[in-house]
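> the following comprises the amino acid sequence and a computationally predicted model.
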Amino acid sequence: MSGSPPPAGGFVRRVGLFQATAINMSQMCGIGPFVTIPLMVAAFGGPQAVIGFVAGALLALADGLVWAELGSSMPGSGGSYVYLRQAFQYRTGRLMPFLFVWTAMLFIPLIMSTGVVGFVQYLGYLAPDLGRTAGDLIGLGVIALVILLLWRGIEHIARITAVMWVVMIASVLLVIAASASDFSAHLAFTYPAHAFDLTASHFWLGFAAGLTIGIYDYLGYNTTAYMGAEIKDPGRILPRSIIFSILGIMVIYLLLQIGTLGVVDWHRMTDPHDIASTSVASAVLEETWGKGAADTVTVLILITAFASVFAGLLGGSRVPYDAARDRVFFRPYARLHAKHRFPTLGLATMGVITAIGFLIGRHTDLATLIQLLTTVMVLVQALAQIVAVTVLRARQPALRRPYRMWLYPVPSVLALVGWLVIYGYADKNSPGRHPIEWSLAWLLLGCLAFVLWARVEKVWPFGPKEISEEYLTSREAEPAEA
């Protein structure tokens, strides 16, 4: 097993390859494609919206290889926190890991809140008279139930996740099967004029918006990296769980998108008064197999949405644990449950922020919320990790790397370009919302918070840099996987 063993009284390595892949796929799929297919169609203005899911998959694969190398080399709890701490400690001390935890405590639960918004949105298909207040209360109840189920040992959670993964697969396969039973190639592959005009600015604006929506749908391929201290043989299992989950979800999304477009006219998906714009999968089932089948599959989609939030908070709640244990975040976050060994305060805090985000999201355009969340994540996590891979190869050449990025540095460069496109077009895709300005403001606020924290803790820049290379346990690198 690669990497240092967990400390006494810490996490237990009990999650295998199937469970790890199921955790990633449950978090990736969830309610995402069922609510974003209409958003993707609106962004591109036609069935060519499939481009967005393909582009999202390519970015996820490129970025996933970054996660695979970092996660297999440093399989600790907290994911990005661990990687940024190791890579940037030489020049800026604890600044980068502090900023990551500062940002992750916001963007992870807010992304989960979009899943709860989607849950209530699809519930509206079963209960069309559901009022806003009732929907708010149901969403808050869903969040409370997720926290209750997560308040237990990881071995029980792994079994729960595996069951919900089966339900997720069943729901998407039923929608795909239903669309295949009454598929119209004319609907799916008839494009509006100038749909592929690469010289038109509207195509690239649509592409940037579609890439943002696409990568949002794939987010979650890194969930097991946050749980590195709980993965069996992480040097082998963690990279495979990332790659397998991305490839599996890519196939599912393409079949789902094309199949849906072959049943429901894309113009309906852009009409806010049509059920296809809010519950497109239910509309597909109603169109093909009838209302009864639509109701049944809608229930499965609700369970899938629940599973996504469950898996996301499972991984996200581990983020502040390592930081607090290393005195880079508030110290109470380093406490684990005495019996079940999970971070209690991290889980509780993210549950509360998810609830707040859900209430905000109920009164905000979902596409804009996705744009805001993504821009915040890009700066402190996505771009910083790409740099971290290169820095660590130079600074810690003897670090054990059970997995080395294929074709390095090509995937890093592709991921860098993709994230910069998303960030650079954010304001143009969200006029009047200013997501770039909000992300920079949040980053600046985090820097100010770090300065105050560093002064109290007497660390850099108010004290000496503390270099800790705990994963550098051998001067000879471990043989890489093919």
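Now that the structure is in, tell me what you want to look at.

> tell me the mean pLDDT over the longest helix along the chain?
As assigned by DSSP state H, the longest helix anywhere in the chain is helix 95-126. For helix 95-126, the mean pLDDT works out to 88.

> next helix or strand past that helix?
helix 132-150 (DSSP states H and E).

> ok now the following helix or strand past that following helix, how far from the chain's centre?
Using DSSP H and E, the next helix or strand after helix 132-150 towards the C-terminus is helix 154-181. Per Cα atoms, centre = their mean, to the nearest Å, the displacement of helix 154-181 from the mean C-alpha position of its chain is 18 Å.

> how distant is the helix or strand following helix 154-181 from the center of its chain?
Remark: after helix 154-181, the chain's next helix or strand is helix 185-189, criterion DSSP H and E. Relative to the chain's own centre, helix 185-189 is displaced by 31 Å; criterion: Cα atoms, centre = their mean.

> stretch 73-86 now?
Distance, centroid of stretch 73-86 to centroid of chain: 17 Å (Cα atoms, centre = their mean).

> what do you get for stretch 91-106?
18 Å.

> ditto for stretch 457-464
33 Å.

> show me what it is in contact with.
Under the criterion Cβ atoms under 8 Å, 6 or more residues apart in numbering, residues 92, 93, 94, 95, 327, 451, 454, 455, 466 lie in contact with stretch 457-464. Bear in mind the C-beta positions are built from the backbone N, C-alpha and C, glycine included.

> can you pull the buried residues of it?
Using 16 or more other Cβ atoms under 10 Å as the test for burial, stretch 457-464 gives 459, 460.

> and the helix or strand hosting residue 50, what does it pack onto?
Assessed by DSSP H and E, residue 50 sits inside helix 50-73. For helix 50-73, the elements it packs on are helix 32-44, helix 201-218, helix 223-226, helix 234-261, helix 383-395, helix 410-424, judged by 3 or more Cβ pairs under 8 Å, 6 or more residues apart in numbering; DSSP states H and E.

> for residue 332, which of these is the nearest?
Across those, residue 332 has its closest neighbour in helix 223-226 (19.3 Å, Cβ to Cβ).

> that closest one packs against which elements?
Secondary-structure packing of helix 223-226 (3+ Cβ pairs under 8 Å, 6+ apart): helix 17-29, helix 50-73, helix 234-261, helix 291-316.

> and it, how far out from the chain middle?
For helix 223-226 - counting by Cα atoms, centre = their mean - the centre lies 10 Å from the chain centre.

> same question for stretch 299-309.
That offset, for stretch 299-309, works out to 15 Å (Cα atoms, centre = their mean).

> could I get that stretch in PDB with only the CA atoms?
Coordinates of each C-alpha in stretch 299-309 appear next as PDB, following Å, rounded to 0.1, in the frame of the first residue of the first chain:
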ATOM      1  CA  VAL A 299     -39.200   8.500  -7.900                       C
ATOM      2  CA  LEU A 300     -36.000   6.700  -8.900                       C
ATOM      3  CA  ILE A 301     -34.600  10.100 -10.100                       C
ATOM      4  CA  LEU A 302     -35.400  11.600  -6.700                       C
ATOM      5  CA  ILE A 303     -33.500   8.700  -5.000                       C
ATOM      6  CA  THR A 304     -30.600   9.400  -7.400                       C
ATOM      7  CA  ALA A 305     -30.600  13.100  -6.500                       C
ATOM      8  CA  PHE A 306     -30.500  12.100  -2.900                       C
ATOM      9  CA  ALA A 307     -27.600   9.800  -3.500                       C
ATOM     10  CA  SER A 308     -25.600  12.600  -5.100                       C
ATOM     11  CA  VAL A 309     -26.000  14.900  -2.200                       C
END
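
> list the buried residues in the helix or strand following the helix holding residue 50.
Going down the chain from helix 50-73, the next helix or strand is helix 80-92, by DSSP H and E. By 16+ other Cβ under 10 Å, the buried positions in helix 80-92 come out as 80, 81, 82, 83, 84, 85, 86, 87, 88, 89, 92.

> how close does the closest residue to the last one other than its chain neighbours get to residue 120?
What that stands for is residue 92. Spatial nearest neighbour of residue 92, chain neighbours left out: residue 460 (7.5 Å); criterion: Cβ to Cβ, 6 or more residues apart in numbering. Distance of residue 460 to residue 120, computed by Cβ to Cβ, to the nearest Å: 45 Å.

> give me the buried positions along the longest helix of the chain.
Those would be 95-125, for helix 95-126 by 16+ other Cβ under 10 Å.

> circling back to that earlier point, centre of the chain to the helix holding residue 50, how far?
Its chain's C-alpha centre and that of helix 50-73 lie 11 Å apart, by Cα atoms, centre = their mean.

> repeat for stretch 363-377
For stretch 363-377, the distance to the chain centre is 13 Å (Cα atoms, centre = their mean).

> need the contact partners of that stretch.
35-36, 39, 42-43, 103, 106-107, 110-111, 114, 117-118, 209, 212-213, 215-216, 360-361, 422-423, 426, 429-430, 433, 435-436, 438-439, 442.

> model confidence over that stretch, on average?
Stretch 363-377 comes out at a mean pLDDT of 76.

> what comes up buried for that stretch?
366, 367, 368, 369, 370, 371, 372, 373, 374, 375, 376, 377.

> strands - which of those residues land there?
Applying DSSP state E to the buried residues of stretch 363-377, no entry is found in strands.

> for those residues, which one is nearest residue 312?
The nearest one, if we look at the buried residues of stretch 363-377 relative to residue 312 and count by Cβ to Cβ, is residue 373, at 12.2 Å.

> how close does that closest one sit to residue 321?
From residue 373 over to residue 321 (counting by Cβ to Cβ), the distance is 22 Å.

> what does residue 447 give?
Counting by Cβ to Cβ - residue 447 and residue 321 are separated by 23 Å.

> ok, the two, which is more surrounded?
Using other Cβ atoms under 10 Å, the more surrounded residue of residue 447 and residue 321 is residue 321, with 29 against 13.

> mind checking the SS state of residue 400?
At residue 400, secondary structure determined by DSSP: H, G, I helix; E, B strand; the rest coil is coil.

> err, residue 191, not the other one
coil.

> and it, how many residues sit next to it?
14.

> setting aside sequence neighbours, what's the nearest residue to residue 395?
residue 90 (6.2 Å).

> wait, residue 382
Closest to residue 382 by Cβ to Cβ, 6+ apart is residue 419, at 4.6 Å.

> return the residues in contact with the one you found.
Residue 419 neighbours (Cβ under 8 Å, 6+ apart): 59, 63, 378, 382, 383, 386.

> quick check: pLDDT value at residue 2.
If you check residue 2, the pLDDT there is 40.
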